[in-house]
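# whatever this is, show me its structure:
(one chain, ligands or ions: 2)
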Amino acid sequence: MAAPRKLSMKQRYAALTHDLDWDFSYVDNAEAYPYTTFEGIKIHDWSKWEDPFRLTVDAYMKYQAEKDKRLYAVLDSFAQGQGHLSLADAKYLNAMKLFLQGVTPLEYQAHRNFSFLARHLNGPGPRFAALCQSQDELRHAQTEIHTLSNYNKFYGGFHSWHHQHDRVWYLSVPKSFFDDAVSAGPFEFMIAIGFSFEYLLTNLLFVPFMSGASFNGDLPTMTFGFSAQSDESRHMTFGLEAIKFLLEQDPDNVPIVQEWIDKWFWRGYRLLALVSQMLDYMLPRKVMSWKEAFELYFEQQMLGGLFKDLEYYGIRPPKHVQHAIDEKEILSHQVYWTLYQFSFAAAFNTTTPDSEHLQWLAEQYPDTFDTLYKPLWDKASRMVEGGGRHFARALPQLCQTCQIPMLFTEPGDPTTICQRHSIYEGERFDFCSDGCKWIFDREPEKYVQAWLPVHQIYMGNCGGPTVPDVLAWYGLQPGDNGEYAGSQEALDWAAWHTTSHAPAPTPVAGN
Ligand code: FE
Ligand code: ZN
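Ligands and ions are numbered 1, 2, ... in the order given. Purely as a prediction, here's the structure:
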């Protein structure tokens with residue numbers, strides 16, 4: 001027998017992966033892949049979409065298992081050594097509550113839809129890349145749940161995140177964002193999640209959370225972040241590969257892709273409003289301001305880098321990008337001020353910034369903070385001193401598209417609330433911005449179906465007519481919500497840190 005021919009790495013990879021693909025003899029392609037034509041995208045040659053990772057299932061599993069082993073070793077030793085006591089402050093965990101309630105369920109949704117793509121994309125290269133990403137996303141959901149479950153023993157707000165994701169008002173913002181993506185076609189999903197979310201905006205989401213974790217003593221979350229990072233770089237490559245493939249296959253794809261970029265940039269950017277306040281208000285030890293993060297990760301890297309490259313294909317920067325740039329001075333303050341007033345109905349707590357924090361905010365936002373927002377916090381502090389911590393008890397109007405309360409202001413006028421509306425089939429729908437109105441007007445039949453938490457409360461679908469009814473339906477337990485100062489969490493934290501003979505932390509009842 002002749003000696004086996006030695007294959008190059010590339011040939012070997014091809015032989016083990018996409019060369020195993022076959023053409024159907026008894027069914028035509030349109031029947032086998034029914035979802036890749038209705039969006040109007042024209043593909044002439046699926047083999048041009050190469051899987052850039054050169055991974056086999058075997059290598060993928062080994063590599064992921066190694067990373068899991070390292071992560072779980074850190075989780076174990078952190079739990080055994082009461083590592084949570086060395087966090088910067090218990091307040092820090094509000095950011096992680098928001099992450100677990102808002103982002104982790106999206107990882108699971110991503111897992112589901114990438115496994116759909118792993119079946120329904122025509123080419124073997126993209127199908128395999130989608131399969132790997134599907135597995136990654138499932139692993140992210142699981143490792144995040146395990147990483148943060150340690151805190152559930154000692155702190156509020158971690159016990160019912162999954163239940164809350166489907167019900168609580170501020171969590172309908174991330175939930176409806178992802179529902180919008182998974183109910184779109186496969187190519188729009190790739191542009192929405194693979195490109196806009198994983199490529200364009202991912203650094204604005206993950207870097208702040210993971211650097212926030214490392215700055216604030218949260219070793220498990222930081223380790224999870226490192227463990228996810230190599231997956232993330234594959235996902236970014238996949239997203240970029242997807243957009244270039246679509247643009248190269250047919251010039252008719254360009255205007256369709258452009259509209260998707262316009263839509264999903266604005267959807268993603270509105271979602272990041274939650275991150276902006278996390279950076280500027282929730283983290284006890286600051287990483288960078290929202291404004292700095294936006295300038296670095298979006299304006300410099302994306303507008304100044306990526307979109308220069310995409311110009312070649314006839315793609316221009318997203319339609320409402322200037323509005324986002326203009327908002328960087330005011331966004332986080334408007335969002336946290338709203339959360340501060342409504343945190344009696346949230347599974348995290350809020351508090352007024354102390355003088356050091358106010359000083360930092362003034363330095364980061366010299367043009368807006370002292371004139372526009374410091375007076376609000378001074379007033380809030382005076383009310384607290386007078387014994388009347390202020391909560392807003394009326395329900396806010398929500399934007400029909402992004403589902404965020406109407407808290408954003410007119411472009412160029414930070415003291416007037418921005419409100420847009422459209423009439424569709426005789427009914428009026430309201431929006432927070434030109435971007436959200438534009439998205440609605442493209443597909444009104446989709447957005448009229450939005451499950452708006454405030455409307456649902458008024459319709460009697462959220463447990464009953466009173467605040468306690470709704471909070472019970474949300475699954476909130478005493479200590480989850482409201483003001484941080486004087487909360488059970490703050491009292492426990494102080495007791496655990498005042499004396500070297502402090503009682504060992506005991507798990508929170510009911511968790
Ligand atoms: Fe993920
Ligand atoms: Zn909106």
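
# can you say which helix or strand has residue 257 in it?
helix 253-271 (DSSP states H and E).

# just the residues contacting the next helix or strand after that helix, thanks.
Per DSSP H and E, the first helix or strand lying C-terminal to helix 253-271 is helix 273-277. Helix 273-277 is contacted by residues 98, 102, 170, 173-174, 204-205, 208-209, 290, 294, 331-332, 335-336, 339, 404 when judged by C-beta atoms under 8 Å, 6 or more residues apart in numbering. C-betas here are computed from N, CA, C, even on glycine.

# 6 Å instead?
205, 208, 290, 331-332, 335-336 (C-beta atoms under 6 Å, 6 or more residues apart in numbering).

# for PyMOL, what selects the buried ones among those?
Per 16 or more other C-beta atoms under 10 Å, the buried members of the contacts of helix 273-277 correspond to this PyMOL selection:
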select buried, resi 205+208+290+331+332+335+336
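
# stretch 389-405 near ligand 2 at all?
Yes. Under the criterion of C-beta under 5 Å from the ion, ligand 2 is reached by stretch 389-405 at 399, 401-402.

# can you mark which positions in stretch 141-158 are buried?
141, 143-145, 147-152, 154-158.

# next one: stretch 39-46
41, 43, 46.

# same check on stretch 317-327?
317-321, 323-324, 327.

# can you check stretch 401-421 too?
401-409, 414, 418, 420.

# next one: it to chain centre, how far?
On the basis of C-alpha atoms, centre = their mean, to the nearest Å, stretch 401-421 sits 21 Å off its chain's mean C-alpha point.

# now do the same end-to-end measure for it.
11 Å (C-alpha to C-alpha, to the nearest Å).

# list of residues touching it?
Residues contacting stretch 401-421 (C-beta under 6 Å, 6+ apart): 172-173, 176, 270, 323, 326, 330, 334, 338, 372, 396-398, 428, 430-433, 436-437, 439-440, 447.

# do the same with stretch 91-111
134, 137-138, 140-141, 144, 148, 151, 155, 157, 161, 164-165, 171, 174, 178, 182, 209, 212, 216, 278, 282, 284, 348, 484.

# and what of stretch 132-141?
60, 104, 107-108, 110-111, 114-115, 118, 228, 231, 235.

# hmm, that stretch in reach of ligand 1?
Yes. Stretch 132-141 lies within reach of ligand 1 by C-beta under 5 Å from the ion, at 137, 140.

# mind pulling the model confidence for residue 23?
Residue 23 is assigned a predicted lDDT (pLDDT) of 89.

# list, one by one, the residues from the chain near ligand 2.
Checking the chain against ligand 2 by C-beta under 5 Å from the ion, the hits are 399, 401-402, 432, 436.

# can you name the two of these that are farthest apart?
The most widely separated members of these, counting by C-beta to C-beta, are 401 and 432 (7.7 Å).

# from the contacts of stretch 401-421, list just the buried residues.
172-173, 176, 270, 323, 330, 334, 338, 372, 397-398, 430-433, 436-437, 439-440, 447.

# quick check, the residue in the stretch 1-150 of the chain closest to ligand 2?
At 16.5 Å from ligand 2, residue 102 is the closest residue in the stretch 1-150 of the chain, using C-beta to the ion.

# what about that residue, how many neighbours?
22 (other C-beta atoms under 10 Å).

# residue 77 now?
12.

# is it in a helix, a strand, or coil?
Assigned by DSSP: H, G, I helix; E, B strand; the rest coil, the conformation of residue 77 is helix.

# give me the number of residues near the residue nearest to it when sequence neighbours are not counted?
Excluding its sequence neighbours, the residue lying closest to residue 77 (C-beta to C-beta, 6 or more residues apart in numbering) is residue 83, at 7.6 Å. A total of 17 residues lie near residue 83 under the criterion other C-beta under 10 Å.

# give me the contact list for the strand or helix carrying residue 382.
In this structure, residue 382 is located in helix 374-385 according to DSSP H and E. Applying C-beta under 6 Å, 6+ apart, the contact partners of helix 374-385 are 337, 352-353, 390.

# buried among the contacts of stretch 91-111? Need that as a selection in PyMOL.
Selection of buried members from the contacts of stretch 91-111 for PyMOL, criterion 16+ other C-beta under 10 Å:
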select buried, resi 134+137+138+140+141+144+148+151+155+157+161+164+165+171+174+178+209+212+216+278+282+284+348+484
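
# so which of the contacts of stretch 91-111 belong to helices?
134, 137-138, 140-141, 144, 148, 151, 161, 164-165, 174, 178, 182, 209, 212 (DSSP state H).

# what's the farthest-apart pair in those?
151 and 182 (28.9 Å).

# what pLDDT is listed against the nearest residue to residue 270 once chain neighbours are set aside?
Computed as C-beta to C-beta, 6+ apart, the closest residue to residue 270 that is not its neighbour in sequence is residue 402, at 4.0 Å. Residue 402 is assigned a pLDDT of 98 by the prediction.

# residue 229 too?
85.

# could you report the neighbour count for it?
13.

# ok, the helix or strand that contains it near ligand 1 or not?
Secondary structure assignment for residue 229, by DSSP H and E: helix 219-249. No. Using C-beta under 5 Å from the ion, helix 219-249 never reaches ligand 1; the gap is at least 6.1 Å.

# helices or strands next to that helix in the packing?
With contacts taken as 3 or more C-beta pairs under 6 Å, 6 or more residues apart in numbering; DSSP states H and E, helix 219-249 sits against helix 57-80, helix 124-152, helix 202-215.

# for those helices, give me TSV that also has mean pLDDT.
Output for those, formatted as TSV (pLDDT from 0 to 100):
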stretch	mean pLDDT
helix 57-80	94
helix 124-152	94
helix 202-215	89
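
# still on that earlier bit, next one: the residue nearest to residue 270 from residue 88, what distance?
Separation of residue 402 from residue 88 (C-beta to C-beta, to the nearest Å): 31 Å.

# do the same with residue 362
For residue 362 relative to residue 88 (C-beta to C-beta), the value is 21 Å.

# check residue 53 too.
Taken as C-beta to C-beta, the span from residue 53 to residue 88 is 37 Å.

# which one's more surrounded, these two?
Legend: neighbour count by other C-beta under 10 Å for residue 53 and residue 88, higher for residue 53 (19 against 14).

# am I right that the more buried one is in a helix?
No. Assessed by three-state DSSP, residue 53 does not belong to a helix; its assignment is coil.

# what's near enough to touch residue 188?
Counting by C-beta under 6 Å, 6+ apart, the residues that residue 188 touches are residue 260.

# just want the residue of the stretch 401-511 of the chain that's nearest ligand 1.
Counting by C-beta to the ion, the stretch 401-511 of the chain gets nearest ligand 1 through residue 402, at 21.4 Å.
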